[in-house]
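Participant: Only the shape, not the letters, is given here:
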């Protein structure tokens, strides 16, 4: 068992999904982890601390001031004891908050420490994993999205919520990730050898910018969020990630080999130079199909109508599929406005891909440049999976699930 003996502090907040934390705790204990729960007062109104104690075998912590000795527990004639929030946080190998309400995420992002859970968070130096759960309107509110991004920048790992039926009766994104997915996420972080350990993955991301003159460029609306999410998913599973970056609207993750490839030409060269030495290549960048045939050496002045002559850029995927080298899994994207599945299947076959992600530039509440999207994963082996509107981190996990499967299958063959 990959996490046997690991100490996991499970923070439970006052969301309706609090009861699912019991199953998460059970699965972690089954994997050999040593678990202890810390509950907010609202969480204790929904799920009894004794239920966690029965599963973990350890007293659940609920309040800094539970009794007069709780803050600094008495140890008869022993060494000086540590305050409870310091002891809980510093002894843990990982701090998991699941479910995390919008309120607790806001307090964590702002550094507010007004209960045992948030105080322990500020004292934690171990990896922190947060699994949000809330109504879809609360999850998509700009304030919550800002708090999520702040937590990511602070190094917190986010298990993005699923889409589905919510307790409030609505349908949409905000449902707590399944206990199985949370446990796999935690295991990938704690395990020294994730399922992609020893594998080298090249990911292209962002948008290329083709210069017209020293100031102006031709580009598109891609933010690079999908590529960044894929890089995070690969890192969590232990892979070495080579990240070919066009222009990004979000920061790339730490721990990658970052290669600056701002134009289609530079991205093509880097992909063909590095790609054949990798186990997996995922082409998630929005590469321009055309570039100006002539680049002006000085800024073009306004002087009435002007014609810009374009020429096609090189097809990176087509070039790479003809010289795969060590590549065992080649993944492409198909951004289509209509008949996306049919056109993606044609591209899958035409370019010799193992997996293709079919999506559209605009979907309700998501799409290009947005945090969320929907897609269809199609494999040359007949695999097909629809991913409903989800965050791009969730989609990245689904893609990496399939990549890991294809690598295992290739090894078995």
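Facilitator: Received it, and whenever you're ready, just let me know what you need. Remember, it's a predicted structure, so these values are computed and weren't measured experimentally.
Participant: contacts and neighbour counts: CA atoms only from here.
Facilitator: Will do.
Participant: Where does the prediction get shaky in the chain?
Facilitator: Within the chain, the stretches with pLDDT under 70 are 1, 65-81, 192, 411-413.
Participant: what comes up buried for the longest helix along it?
Facilitator: The longest helix of the chain (DSSP state H) is helix 392-412. Counting neighbours by 16 or more other CA atoms under 10 Å, one finds that the buried residues in helix 392-412 are 392-400, 402-404, 406-407.
Participant: Quick one: these as a markdown table, columns for distance to residue 23 too.
Facilitator: Putting the buried residues of helix 392-412 into a markdown table (distance: CA to CA, whole Å) gives the following:
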| residue | distance to residue 23 |
| --- | --- |
| 392 | 26 |
| 393 | 23 |
| 394 | 21 |
| 395 | 24 |
| 396 | 25 |
| 397 | 21 |
| 398 | 22 |
| 399 | 25 |
| 400 | 24 |
| 402 | 25 |
| 403 | 27 |
| 404 | 25 |
| 406 | 29 |
| 407 | 30 |
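Participant: in the stretch 101-250 of the chain, which spans are strands?
Facilitator: For the stretch 101-250 of the chain, the strands defined by DSSP state E, counting those that start in this stretch cover 128-132, 157-158, 162-165, 171-175, 200-205, 210-211, 217-218, 240-245.
Participant: For residue 17, find the nearest of those strands.
Facilitator: With CA to CA as the measure, strand 171-175 is the member of the strands of the stretch 101-250 of the chain nearest residue 17 (8.3 Å).
Participant: between the closest one and strand 128-132, how many degrees?
Facilitator: 160 degrees (axes from the mean of the first three to the mean of the last three CA atoms, to 10 degrees).
Participant: ok, strand 171-175: who's next to it in the sheet?
Facilitator: Neighbouring strands of strand 171-175 in its sheet, by DSSP bridges, are strand 162-165 (antiparallel).
Participant: quick revisit: tell me which of the strands of the stretch 101-250 of the chain sits most buried.
Facilitator: Here the criterion is mean neighbour count by mean count of other CA atoms under 10 Å, and of the strands of the stretch 101-250 of the chain the winner is strand 200-205, at a mean of 26.
Participant: For it, give me every contacting residue.
Facilitator: With contacts defined as CA atoms under 8 Å, 6 or more residues apart in numbering, strand 200-205 is touched by 224-228, 230-231, 234, 239-246, 248, 267, 274-275, 278-286.
Participant: which of those residues are buried?
Facilitator: Among the contacts of strand 200-205, the ones that count as buried by 16+ other CA under 10 Å are 224-228, 230-231, 234, 239-246, 248, 267, 275, 278-286.
Participant: mind listing the helices for this protein?
Facilitator: Counting by DSSP H, the chain has helices at residues 20-30, 41-46, 49-56, 84-91, 102-110, 116-123, 136-140, 142-153, 179-190, 225-236, 264-274, 316-321, 340-350, 392-412.
Participant: If you count neighbours, what's buried in the fourth one?
Facilitator: Meaning helix 84-91. For helix 84-91, using 16+ other CA under 10 Å, the buried residues are 84-90.
Participant: mind giving me CSV with these and columns for distance to residue 257?
Facilitator: Below are the buried residues of helix 84-91 laid out as CSV (distance: CA to CA, whole Å):
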residue, distance to residue 257
84, 40
85, 37
86, 35
87, 36
88, 35
89, 31
90, 31
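Participant: Show me which of those residues is closest to residue 359.
Facilitator: Looking across the buried residues of helix 84-91 and measuring by CA to CA, the closest to residue 359 is residue 89, at 41.7 Å.
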